[in-house]
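Enquirer: mind folding the following:
(2 chains)
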Amino acid sequence: EDQVTQSPEALRLQEGESSSLNCSYTVSGLRGLFWYRQDPGKGPEFLFTLYSAGEEKEKERLKATLTKKESFLHITAPKPEDSATYLCAVQAPTGFQKLVFGTGTRLLVSP
Amino acid sequence: SAVISQKPSRDICQRGTSLTIQCQVDSQVTMMFWYRQQPGQSLTLIATANQGSEATYESGFVIDKFPISRPNLTFSTLTVSNMSPEDSSIYLCSIGLGGGAGANVLTFGAGSRLTVL
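Expert: Predicted structure coming up:
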């Protein structure tokens, strides 16, 4: 069964304090790994898609990396506006566009 | 990118009643997806709504409990029937973006937060 596990569940950082979020996955035949950001009261907002081990993508202070078993979302010098829940999802090999999500990491960045 | 509007944004419902959630997209899309996000849980796909055919339900979800309509390429509804407190959740509508390599990127509506008393 496809599984996605995210850690930590919650993370509190000071502004400027860099850190990483982890997403471990078990899926037979990964077709894509996705990172989303979700703010309270809103739907998930797409950040990145990674397709193969070794791939990296960056967007402002965020950088996503992928290995054969896990993905990391690195946050460099975070700001309070980076506070949100970050969700990881994998695309199952069967079922077009079906995503299996983790439970997310709640990030709070204090000024 | 497409804009997805959902309503209601939130509601408080009585046990045993039913509620219909509407999802409107500002462009035509072939498939629309309904997800559920229970407190402390991950997003879980309920069903895929195809225009002109019956919705395809995931394991653990049935049509009698979550009937779906898809009358055209820009609109869908999800009904949560005979609600119980366990149905308290956020329900999210989503669509796939683009085609080719980007076809599996989902865009989500803001969600409908239901509380069942």
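Enquirer: going forward, measure contacts between C-alpha atoms and count neighbours the same way
Expert: Will do.
Enquirer: burial count for residue B:64?
Expert: A total of 11 residues lie near residue B:64 under the criterion other CA atoms under 10 Å in any protein chain shown.
Enquirer: tell me the strands beside the helix or strand of chain A with the lowest mean pLDDT, with direction?
Expert: Across the helices and strands of chain A, the lowest-confidence element by mean pLDDT, DSSP states H and E is strand A:99-101, at a mean of 91. Strand A:99-101 has its sheet partners listed here by DSSP bridges as strand A:84-91 (antiparallel).
Enquirer: how much space separates the nearest residue to residue B:111 once chain neighbours are set aside from residue A:32?
Expert: Closest residue to residue B:111 apart from its sequence neighbours, by CA to CA, 6 or more residues apart in numbering or on different chains: residue B:92 at 4.4 Å. Per CA to CA, to the nearest Å, residue B:92 is found 21 Å from residue A:32.
Enquirer: of those two, who's got more company?
Expert: Neighbour totals were compared for residue B:92 and residue A:32, and residue B:92 leads with 27 against 20 (other CA under 10 Å).
Enquirer: picking up where we left off before, so after the least confident helix or strand of chain A, what's the next helix or strand?
Expert: Next in sequence after strand A:99-101, counting helices and strands by DSSP states H and E, comes strand A:105-110.
Enquirer: how about the residues of chain A by chain B?
Expert: Contacts of chain A with chain B, taken as CA under 8 Å from any CA of the partner chain, map to A:34, A:41-46, A:49, A:91, A:96-104.
Enquirer: just the pLDDT at the residue lying closest to residue A:79 once chain neighbours are set aside, thanks.
Expert: What sits nearest to residue A:79 in space, not counting adjacent residues and going by CA to CA, 6+ apart, is residue A:15, at 5.1 Å. Note for residue A:15: predicted pLDDT of 97.
Enquirer: return the residues in contact with residue A:15.
Expert: By CA atoms under 8 Å, 6 or more residues apart in numbering or on different chains, the residues touching residue A:15 are A:77, A:78, A:79, A:80, A:109, A:110, A:111.
Enquirer: repeat that with 6 Å
Expert: Applying CA atoms under 6 Å, 6 or more residues apart in numbering or on different chains, we find residue A:15 in contact with A:78, A:79, A:109, A:110, A:111.
Enquirer: what sits opposite the residue nearest to residue A:80 when sequence neighbours are not counted in the beta ladder?
Expert: Once flanking residues are discounted, residue A:80 sits nearest to residue A:109: 4.7 Å by CA to CA, 6+ apart. In this entry, residue A:109 is beta-bridged to residue A:13, by DSSP bridges.
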